[in-house]
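K.L.:
Structure, please.
(chains A and B)
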Amino acid sequence: MLERTSTFDVVVVGAGPGGLAAATAATAAGRSVALIDDAPLPGGQIWRHQRSPGKAAKRFIDQLAGVTRFQQAKVIATPSEPTLLVETPDGPRYVGWRSLVLATGARELFLPFPGWTLPGVVGAGGIQALIKQGLSVRGKRVVVAGTGALLLVVADLLRSEGAIVPAILEQASAHRINRFALSLLRTPRKLLAGAAFRAKLATSGTRYATNSYPTAVSDTGSGLRVEYRSGAMTAAMDCDLLACGFNLIPNNELPQLLGCQLAADGFIRVDAQLRSTVPGIYAVGEVNGIGGADKAMIEGQIAAHTISGNTAGAARLAAAHAASLRFVRKLAETFALRPELKSLARPDTLVCRCEDVPLSAIAQSRSGRDAKLQTRCGMGPCQGRVCGPILQHLFLTEPPAVRPPLFATAIGTLASNSKTAPGHQQ
Amino acid sequence: MPDSEVTFTLNGRPAVAAAGASVAVAALANGVKTFRRSVTGEPRAPLCGMGICYECRLTVDGRSHQKSCQITVLPGMVVQIDA
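P.N.:
All right, here's what the predicted structure looks like:
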C-alpha cells in the first residue's frame, strides 16, 4: 500500500543541536523543512531532558513552528534517490527532499570484556540518557569507566543526582590529559567548564584515575565487582552500576546507504560547507567528527545557509567552525584508545549481544562480512550497531555492508516498498 | 494521585512511575532487573539508553520487541516482560 508522500526543500534527519540549528536556519530562510527524529521529543542525546529542556534547546524548539516534525520516526530505507521511507507512529511515510541534512549524531563504542553483558553494566552516555529519562540513582555506587570528556560530564551528573562515584577509570595517560587541559587555555569557555568539573570532583571523593581501565566485571549477588588495571597495578572495586563507554562513533548507517563516502575512521567526509560527497546531501555535527554541541550548531547553520544561497551567512561562521575542528582533532588525539583494550575479551566473552556470538567463534573471520556469514554476528535486532564497531576496533576489518532495513521494523513498513524486502540486491 | 505520577500495568500488576519517564526507567524503578533473556538465556538490561542496542526491548500494549528507552510511559499502558 502506498502511503502519503510529501516533498520538502530541506529534510533534516536528527533533532539534536546540529539538526535543530539546520532546521531552524532553513525555515527562517523561507524553505519548507521536515525534521525526522527517533526520540519522543527534539533535543538529541545532549538536550534530551524530560524535566525541562535546556535554554539552548528551547531557543531552537520555539522556532520550529513552521517545520513539519516527525518524532519517534525512523528512516528505514532510501527507496529512490531523493526519497526516504520513514516509519512513524502513524505508519510508513515517504518523505522527499531537495536538500538533505544528515545530523544523525553519534553513539558510544562499547568494548567487550568479561562480564560486560551483565545487567548493571550500562553505557556512560547510556546512564546519562536513562537519568534524563527519569532514572533515580540516589545512593547508588556508580563506577564510571572508559575514555573521553563525557566521563567527567557523566560523573558530575551522577553526583548531582545523589549517586556515589568512587572512581572514574580513564584509559588515557595522565600526560595526554594534562596536555589536553593546557591546550584548553586557548578556549576559555571550555576551560572553565573543564576546571569546574575537576574542582567539583576534587571535593566529591571521586578519584580521577588516568591510565586505568576495567578488565572484568562480575555479579556479587548484591551488586557488581569491577576488576581494573591502573598503571602497573590491578585492583577491584564493588559498585551497583558500571557506566562504561570508549569514545563516540558516528551513526553512519544512513549516510552510507545514501552513498556518502566515509573517512578511514568512519566519519562522513564533508567539505567546509558540510557537503558530503553526494550532491544535495550535507552532514553536520558528530557524524562527521566528535566536537560537541557548539560545533554541531555552527555546522547546522552553515549547511542551512549554503542550501539557502546565503554564502555571506555561511562565511561569517567559518572562523568559529575552523576553531571547532581544531578541538575535534585535540579530542581525538587525547582520547585515542590504548592497544591493551583490544585484548580484554577472552575466548568465551560475547562480542555480538543480539546473537550471543563469543570472540572465539569470530576470531578466524577475516572481515565483518565473514563473521556475519559464519556466525550470525551482527544479524540481530541492532543490525550490527554494537558489534560492528567492536569488530572494526578489534580486528581493523571492514564493517558489514549496510543494507535496508536500517532498523528492525514492522513488516507492514517493508511491505509498502518491495525494494526494502530482505534479500533485494540493488 | 498527583499529576506527576502515571499508573500503568507491569506484568499484570498495577505500577506507578514518574510522569514523563521512559518505559525502561519505569520498569527499573519498579524493581525490574532483567528485561529480556538472550538467545542463550543470559539476563540482559538496558545498555545504550538511546535506542541503538535493543537490550531494553519488551512488550508494550501487545506490541512485542519495543525499545522501552524510546517510549514514554503513559497512563494505562500495559508493559509485559518475558524474562
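K.L.:
where along chain B do the strands fall?
P.N.:
B:5-10, B:13-18, B:36-37, B:43-44, B:57-60, B:63-67, B:78-80 (DSSP state E).
K.L.:
same for the helix or strand of chain B with the lowest mean pLDDT, what does it pack against?
P.N.:
None of the helices or strands of chain B scores lower by mean pLDDT, DSSP states H and E than strand B:63-67, at a mean of 93. Here strand B:63-67 touches strand B:57-60, going by 3 or more CB pairs under 8 Å, 6 or more residues apart in numbering or on different chains; DSSP states H and E. Bear in mind the C-beta positions are built from the backbone N, C-alpha and C, glycine included.
K.L.:
what's the average pLDDT for the strand it packs on?
P.N.:
The predicted model gives strand B:57-60 an average pLDDT of 96.
K.L.:
quick revisit: quick one, which of the strands of chain B gets closest to residue A:88.
P.N.:
Distance to residue A:88, taken as CB to CB, is lowest for strand B:63-67 among the strands of chain B, at 14.6 Å.
K.L.:
So in that sheet, which strands flank that closest one, and in what orientation?
P.N.:
strand B:57-60 (antiparallel) (DSSP bridges).
K.L.:
what's the next secondary structure element after the helix ranked longest in chain A?
P.N.:
Looking only at chain A and at elements set by DSSP state H, the helix with the highest residue count is helix A:318-334. Using DSSP states H and E, the next helix or strand after helix A:318-334 towards the C-terminus is strand A:350-352.
K.L.:
and residue A:329, how many neighbours?
P.N.:
11 (other CB atoms under 10 Å in any protein chain shown).
K.L.:
give me the low-pLDDT residue ranges for chain A?
P.N.:
Along chain A, segments meeting pLDDT under 70 span A:1-4, A:49-54, A:185-202, A:366-369, A:396-403, A:407-426.
K.L.:
Spell out which residues of it are next to chain B.
P.N.:
With CB under 8 Å from any CB of the partner chain as the criterion, chain A comes near chain B at residues A:38-40, A:45, A:50-51, A:72, A:107-108, A:110, A:117-123, A:125-130, A:133-136, A:353-356, A:380-382, A:385-386, A:408.
K.L.:
Touching the longest helix of chain A from outside, list them.
P.N.:
A:148-149, A:172, A:176-177, A:179-180, A:183, A:187, A:190, A:272, A:289-292, A:294-295, A:298-299, A:302 (CB atoms under 8 Å, 6 or more residues apart in numbering or on different chains).
K.L.:
ok, of those, which come out buried?
P.N.:
A:148-149, A:172, A:176-177, A:180, A:183, A:187, A:190, A:289-292, A:294-295, A:298-299, A:302 (16 or more other CB atoms under 10 Å in any protein chain shown).
K.L.:
Now do the end-to-end distance for stretch A:135-145.
P.N.:
The straight-line separation of the ends of stretch A:135-145 (CA to CA, to the nearest Å) is 19 Å.
K.L.:
Apologies, that question was intended for stretch B:36-52.
P.N.:
OK, stretch B:36-52 end separation, CA to CA: 16 Å.
K.L.:
Could you give me the buried positions within stretch B:37-55?
P.N.:
Using 16+ other CB under 10 Å as the test for burial, stretch B:37-55 gives B:38, B:43-55.
K.L.:
Dump these to JSON lines, plus distance to chain A.
P.N.:
Shown next, in JSON lines, are the buried residues of stretch B:37-55 (distance: CB to the nearest CB, whole Å):
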{"residue": "B:38", "distance to chain A": "5"}
{"residue": "B:43", "distance to chain A": "5"}
{"residue": "B:44", "distance to chain A": "7"}
{"residue": "B:45", "distance to chain A": "3"}
{"residue": "B:46", "distance to chain A": "6"}
{"residue": "B:47", "distance to chain A": "6"}
{"residue": "B:48", "distance to chain A": "5"}
{"residue": "B:49", "distance to chain A": "3"}
{"residue": "B:50", "distance to chain A": "5"}
{"residue": "B:51", "distance to chain A": "6"}
{"residue": "B:52", "distance to chain A": "5"}
{"residue": "B:53", "distance to chain A": "5"}
{"residue": "B:54", "distance to chain A": "4"}
{"residue": "B:55", "distance to chain A": "7"}
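K.L.:
Closest one of those to residue B:65?
P.N.:
residue B:54 (7.7 Å).
K.L.:
Go through the strands of chain B and name the closest to residue A:226.
P.N.:
Comparison of those against residue A:226 by CB to CB identifies strand B:43-44 as nearest, at 18.1 Å.
K.L.:
and the nearest residue to residue A:70 once chain neighbours are set aside, how many neighbours does it have?
P.N.:
Once flanking residues are discounted, residue A:70 sits nearest to residue A:36: 4.7 Å by CB to CB, 6 or more residues apart in numbering or on different chains. Counted with other CB under 10 Å, residues neighbouring residue A:36 total 24.
K.L.:
Near chain A, which residues of chain B? Just list them.
P.N.:
Proximity of chain B to chain A, by CB under 8 Å from any CB, involves residues B:17-18, B:20-22, B:24-26, B:28-29, B:33-35, B:38-40, B:42-55, B:57, B:65, B:69-72.
K.L.:
Residue A:173 is in contact with residue A:209, isn't it?
P.N.:
No. Using CB atoms under 8 Å, residue A:173 is not in contact with residue A:209; the gap is 11.4 Å.
K.L.:
higher neighbour count, these two?
P.N.:
Between residue A:173 and residue A:209, residue A:209 has the larger neighbour count (other CB under 10 Å), namely 20 against 14.
K.L.:
isn't that one right next to residue A:170, touching?
P.N.:
Yes. With contact defined as CB under 8 Å, residue A:209 reaches residue A:170; the gap is 6.6 Å.
K.L.:
Tell me what residue A:282 is bridged to.
P.N.:
Here residue A:282, judged by DSSP bridges, has bridge partners residue A:101, residue A:275.
K.L.:
dump the residue contacts of it.
P.N.:
Listed by CB under 8 Å, 6+ apart, the contact set of residue A:282 reads A:22, A:99-102, A:270, A:273-276, A:303, A:306-307.
K.L.:
Equivalent analysis for residue B:44, please.
P.N.:
With contact taken as CB under 8 Å, 6+ apart, residue B:44 is in contact with A:117, A:119, A:353, B:34, B:35, B:36, B:37, B:38, B:55, B:83.
K.L.:
repeat that for 7 Å
P.N.:
Applying CB atoms under 7 Å, 6 or more residues apart in numbering or on different chains to residue B:44 gives the contacts A:117, A:119, B:34, B:35, B:36, B:38, B:55.
K.L.:
I'd say the last one and residue B:42 touch.
P.N.:
No. In this structure, residue B:55 sits apart from residue B:42 without contact. The criterion is CB atoms under 7 Å, and the distance is 10.6 Å.
K.L.:
how about residue A:237, secondary structure?
P.N.:
What DSSP: H, G, I helix; E, B strand; the rest coil gives for residue A:237 is strand.
K.L.:
excluding its backbone neighbours, what's nearest it?
P.N.:
residue A:226 is the one closest to residue A:237 (CB to CB, 6+ apart), at 5.1 Å.
K.L.:
Roughly how far does that neighbour sit from residue A:118?
P.N.:
For residue A:226, the distance to residue A:118 equals 11 Å [CB to CB, to the nearest Å].
K.L.:
go on, residue A:151?
P.N.:
Per CB to CB, residue A:151 is found 20 Å from residue A:118.
K.L.:
repeat for residue A:80
P.N.:
Taken as CB to CB, the span from residue A:80 to residue A:118 is 44 Å.
K.L.:
Give me the more crowded residue out of the two.
P.N.:
residue A:118 (16 against 12).
K.L.:
Now do the more buried one against residue B:54, distance only.
P.N.:
17 Å.
K.L.:
mind giving me the domain ranges of chain A?
P.N.:
As recorded under automatic domain parsing, the domains making up chain A are A:5-107+A:249-332, A:110-246, A:340-419.
K.L.:
How many neighbouring residues does the closest residue to residue A:261 other than its chain neighbours have?
P.N.:
In this structure, residue A:261 finds its nearest non-sequential neighbour in residue A:277, 4.2 Å apart by CB to CB, 6+ apart. As a burial measure, residue A:277 scores 15 neighbours (other CB under 10 Å).
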